[in-house]
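Visitor: Here's my sequence, what's the structure:
(one chain, ligands or ions: 1)
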Amino acid sequence: MEAGTEFVPSDFTRLSRSPRPVFKRKVYDDIFQGRLSLALAQVEGVKVYRFSVLPKGESAMPSTHALAPGSDIAFDVLEGDARLGLAKVLSGCTFQQSLRARFEFSFPLAKTALCLGLGERYSSLNLRGARHTLCSTDNPNHDESSDSLYKAIPFSIFLDDGLASACFLDSAAPQIYDLDSELDGQVRIELLSARGFSFYYFDKAPLSQIVAAFTALTGRSELPPLWALGHQQSRWSYPDAETVRDLAREFRRRRIPCDTLVLDIDYMDDYRVFTSDKGRFPDFKGLIEELARDNFRMVTIVDPGVKLDKDYKIYQEGLKLDLFCRDAKGEVFVDRVWPGRSVFPDFQMEATRKWWAEKLQFYYDNGVSGIWNDMNEPAFFDTRFIPVSSFDELPETGEQPFLQRDDTDGEPTTVGHLEVRNLYGSMMCEATYNAALAARPGERPFVLTRSAFAGIQRHAAVWLGDNKSWWEHLRKSLPMLLNVGLSGVPFAGVDIGGFGETCSPEMLLRWYEVGIFFPFFRNHCWLKGRAQEPFAYGAAVEEKARRLIELRYSLLPYISGLFHEHRQTGAPLMRPLLYHYPQDAMALNCHDQFMFGADILVAPVMERAQTHRYVYLPEAGSQWTALADDKTYEGGRSHYLEMPLGTCPAFVREGAILPFADAMQSTGEYEQAAITFKVYGQQGSAVFFEDDGKSFDYKEGGFAQWQLAYSDGFLSRLMGGHYKTSRRYFLQKPDGSKIPVQL
Ligand code: MIG
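Guide: Numbers count the residues shown, from 1 in each chain. Predicted structure coming up:
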């Protein structure tokens with residue numbers, strides 16, 4: 001809430017309150033007492049209404065940190081007749097507080113509308129016809145019955161007849177979205193909270209504009225460090241320095257490009273965060289330096305749980321400073337995680353975040369490049385949460401597993417953990433991002449997280465947790481990542497090859513075929529079963545995997561450009577076809593293909609023993625070119641195409657000019673790599689963007705942005721920026737000939 005906003009009883013709610021919705025076949029009384037306010041802003045050309053609710057007894061609106069700080073979006077408080085505008089927009093919408101800690105919204109949903117967004121859902125693209133619970137949960141069993149997963153991003157989008165509208169319910173408490181599961185054409189949203197919240201409604205606009213508005217509100221990702229866009233290799237766990245050295249050696253010896261090696265929990269001394277095991281990693285810093293000389297970066301996992309060990313400095317300090325979560329009796333909350341009995345920092349307090357950021361210097365002092373935050377839902381081994389979908393309302397504060405202290409507005413207010421649970425991971429990432437900035441001023445941080453709330457894109461990349469080496473999980477990774485992207489998070493991926501179970505050679509290759517187009521590109525698996533590195537399956541598989549990973553590296557100029565585009569427009573990198581072709585009925589329900597930026601369509605094989613698939617190419621009258629072999633196909637229809645193992649399942653839009661970098665072993669060689677602009681079709685145009693890939697100089701002109709055009713001759717024009725490289729640039733003409741380009 002901006003200062004000075006008065007909460008007054010709202011005519012709007014009275015206008016729109018009937019007919020009263022029926023939840024769980026029970027009619028509740030509306031017990032609302034408190035203050036409401038309605039405000040309106042124009043955001044990226046979209047009308048955004050904000051309906052703020054402050055229940056009686058609450059003194060201030062809690063901040064969920066979802067909104068980008070410093071964004072200068074000015075909401076005008078609406079009074080009197082101005083409120084009627086929203087009533088019209090939301091005709092049929094109802095709002096009520098039906099119990100002390102339960103709010104409900106409902107509104108009609110057009111018969112033909114698709115439902116999108118809501119962050120990480122185990123679902124095909126269209127979320128309609130089901131109930132979706134948002135309460136961050138460590139559920140490693142992703143199947144049709146799994147509802148809550150690691151992330152909770154309360155941004156829902158409704159697309160109908162080429163236009164979208166959206167809701168953002170800014171509260172970190174559990175929420176349940178019933179998207180017409182009863183087939184009565186209703187959306188019902190339940191919020192289990194006793195605290196204040198804001199409900200934003202984004203009025204009808206094209207989907208891309210809705211995403212632009214949401215990311216203007218909640219922030220966009222800065223450009224990631226280039227190395228983080230390269231190939232990352234991970235496993236639970238590479239247990240000692242020798243294994244890590246061997247791993248690095250294997251990648252370079254076999255010439256499989258790789259930038260980053262990832263250390264899972266076993267690098268630590270008995271799972272104590274901010275330590276490394278002296279026996280298995282006798283010279284942690286030296287090892288990281290040694291790897292850096294060969295252009296490898298190191299990312300280490302960091303879990304929130306602090307080992308309960310009275311001789312452990314971190315435990316002592318946190319206790320003394322009173323930064324750990326406590327239960328209703330005032331005792332420090334203890335549960336088991338990897339270190340055994342552990343305590344949990346209360347990241348809701350600024351003091352805790354600052355302290356955590358200081359402690360993280362351990363990693364930066366040792367030369368670690370990025371931090372991977374896991375278990376931050378937070379996950380526990382012992383405390384089992386009753387599924388919130390079975391609650392009528394949020395339990396009283398004293399009945400919650402533990403409490404947290406929210407000091408966003410200065411003095412800490414005690415709140416039940418569930419009121420802010422969905423924020424725990426995001427708050428940990430905010431601390432981590434700030435730690436990186438402090439340790440390496442001017443360098444772009446890399447933070448990866450499993451749990452996240454709206455706005456996470458400002459601080460971290462995400463991966464979707466514990467998938468399995470199942471074909472169904474390979475298939476589901478597409479719609480899941482697409483909805484994550486529409487929820488504002490561009491830098492996302494899933495474990496390539498699958499985390500749990502055992503990946504076959506065929507599956508690994510199919511996963512890499514599509515994985516080279518995941519913004520976050522990491523092979524990771526659990527401790528059981530066979531090795532899953534791209535060279536672990538014999539020479540034939542290795543050769544095919546190498547080609548695919550090389551292609552990823554050659555696409556880095558294009559991928560960097562997409563992150564730049566995200567900063568400008570909020571667009572995710574992976575987009576459903578309907579993002580660009582909202583009027584195309586075939587595109588609407590397509591969840592086994594996606595657009596990677598506006599120029600590349602990806603249509604992977606995701607079935608065992610399949611060598612062919614139907615590929616739908618939009619836009620009649622246009623022509624698409626297979627990235628793999630330059631064969632062309634007409635748009636506006638499906639093609640039954642042969643896709644042998646190891647193929648690149650991508651098709652380039654006619655009129656595109658793609659920048660390809662020469663092969664490299666890591667992004668350490670990127671600056672020297674030549675770039676070739678390839679024209680698709682007889683003419684084309686593109687904007688080419690580049691910068692140093694490391695610093696924030698691009699914010700002050702340290703970039704080069706070029707307008708490229710080709711019809712008969714090649715045209716290039718500097719549009720802005722003053723970044724220069726010594727690399728060479730080429731143009732590959734439609735006839736295949738290649739000529740040098742002077743930019
Ligand atoms: O309880 O750190 O999702 O990627 O390898 C399992 C061990 C804890 C879960 C993560 C996974 C990671 C694993 N972690």
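
Visitor: and the helix or strand where residue 428 lies, C-alpha only, in CSV?
Guide: When elements are defined using DSSP states H and E, residue 428 is found to belong to helix 424-439. Provided in CSV are the C-alpha atoms of helix 424-439 (Å, rounded to 0.1, in the frame of the first residue of the first chain):
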residue,chain,number,x,y,z
TYR,A,424,10.1,-18.9,2.5
GLY,A,425,12.1,-19.9,-0.6
SER,A,426,11.9,-16.5,-2.2
MET,A,427,13.1,-14.7,0.9
MET,A,428,16.1,-17.1,1.1
CYS,A,429,16.8,-16.3,-2.6
GLU,A,430,16.6,-12.5,-1.9
ALA,A,431,19.3,-13.0,0.8
THR,A,432,21.4,-15.1,-1.6
TYR,A,433,21.1,-12.7,-4.5
ASN,A,434,22.2,-9.8,-2.3
ALA,A,435,25.1,-11.9,-0.9
ALA,A,436,26.4,-12.4,-4.4
LEU,A,437,26.1,-8.7,-5.2
ALA,A,438,28.0,-7.8,-2.1
ALA,A,439,30.7,-10.4,-2.7
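
Visitor: close to the ligand, is it?
Guide: No - judged by CB under 6 Å from any ligand atom, helix 424-439 stays clear of the ligand, getting no closer than 12.1 Å. (Each C-beta comes from the backbone N, C-alpha and C, glycine too.)

Visitor: next structured bit after that helix?
Guide: Next along from helix 424-439, by DSSP H and E: strand 447-449.

Visitor: Next to the ligand in this structure, residues from this protein, please.
Guide: Residues of the chain found near the ligand (CB under 6 Å from any ligand atom) are 236, 264, 265, 301, 374, 375, 450, 465, 466, 499, 524.

Visitor: ok, those residues vs residue 475, which is closest?
Guide: Of all the residues of the chain next to the ligand, residue 499 has the smallest distance to residue 475: 15.7 Å, by CB to CB.

Visitor: circling back: which among the residues of the chain next to the ligand end up buried?
Guide: 236, 264, 265, 301, 374, 375, 450, 465, 466, 499, 524 (16 or more other CB atoms under 10 Å).

Visitor: Looking at this structure, what residue ends up closest to the ligand?
Guide: residue 236 (3.5 Å; CB to the nearest ligand atom).

Visitor: For the helix holding residue 428, buried residues please.
Guide: For helix 424-439, the neighbour count (16+ other CB under 10 Å) marks 424-436, 439 as buried.

Visitor: out of the residues you listed, what pair is the most spread apart?
Guide: 424 and 439 (23.0 Å).

Visitor: residues contacting residue 312?
Guide: Contacts for residue 312 (CB atoms under 8 Å, 6 or more residues apart in numbering) come out as 272, 306.

Visitor: Tell me how far it lies from residue 379.
Guide: From residue 312 across to residue 379, the span is 21 Å (CB to CB, to the nearest Å).

Visitor: what's the spacing between the residue positioned nearest the centre of the chain and residue 234?
Guide: By CA atoms, centre = their mean, the chain has its centre lying nearest to residue 489, at 3.7 Å. For residue 489, the distance to residue 234 (CB to CB) stands at 20 Å.

Visitor: nearest spatial neighbour of residue 742, skipping sequence neighbours?
Guide: Counting by CB to CB, 6 or more residues apart in numbering, residue 729 is the residue found nearest to residue 742 once chain neighbours are left out, at 7.8 Å.

Visitor: Could you count how many residues lie near that neighbour?
Guide: Close neighbours of residue 729, defined as other CB atoms under 10 Å, add up to 17.

Visitor: these two touch, right, it and residue 677?
Guide: Yes - the criterion here is CB atoms under 8 Å, and residue 729 meets it with residue 677 at 7.0 Å.

Visitor: what is in contact with these two at once?
Guide: Counting by CB under 8 Å, 6+ apart, the residues touching both residue 729 and residue 677 are residue 741.

Visitor: Which helix or which strand is home to the nearest residue to residue 170 once chain neighbours are set aside?
Guide: The shortest distance from residue 170 to any non-neighbouring residue, by CB to CB, 6+ apart, is to residue 198 (4.6 Å). If you go by DSSP H and E, residue 198 is part of strand 197-205.

Visitor: strands paired with that strand, and their directions?
Guide: strand 46-55 (antiparallel), strand 163-170 (antiparallel) (DSSP bridges).

Visitor: For the nearest residue to residue 463 once chain neighbours are set aside, grab the count of nearby residues.
Guide: Of all residues not flanking residue 463 in the chain, residue 493 sits nearest, at 5.4 Å (CB to CB, 6+ apart). Close neighbours of residue 493, defined as other CB under 10 Å, add up to 23.

Visitor: before we move on, what about residue 389?
Guide: 16.

Visitor: I'd like to know how far the residue lying closest to it once chain neighbours are set aside sits from residue 168.
Guide: Closest residue in space to residue 389, ignoring its immediate chain neighbours: residue 133 at 5.1 Å, by CB to CB, 6+ apart. Residue 133 sits 17 Å away from residue 168, going by CB to CB.

Visitor: the more surrounded of those two?
Guide: For residue 133 versus residue 168, neighbours defined as other CB under 10 Å are more numerous around residue 168 (27 against 21).

Visitor: if I look at the more buried one, how far off is residue 201?
Guide: Taking CB to CB, one finds residue 168 at 8 Å from residue 201.

Visitor: and if you look at residue 120?
Guide: Distance check for residue 120 against residue 201: by CB to CB, it reads 23 Å.

Visitor: quick one, which of those two is more surrounded?
Guide: The neighbour count for residue 120 versus residue 201, taken as other CB under 10 Å, is higher for residue 120 (28 against 21).

Visitor: pretty sure the more buried one contacts residue 150?
Guide: Yes - the criterion here is CB under 8 Å, and residue 120 meets it with residue 150 at 6.2 Å.

Visitor: Tell me the residues that contact both of these two, please.
Guide: 464, 465.

Visitor: dump the residue contacts of residue 579.
Guide: By CB under 8 Å, 6+ apart, the contact set of residue 579 is 207, 208, 486, 571, 595.

Visitor: Next, it: secondary structure please.
Guide: In three-state terms, and counting by DSSP: H, G, I helix; E, B strand; the rest coil, residue 579 is helix.
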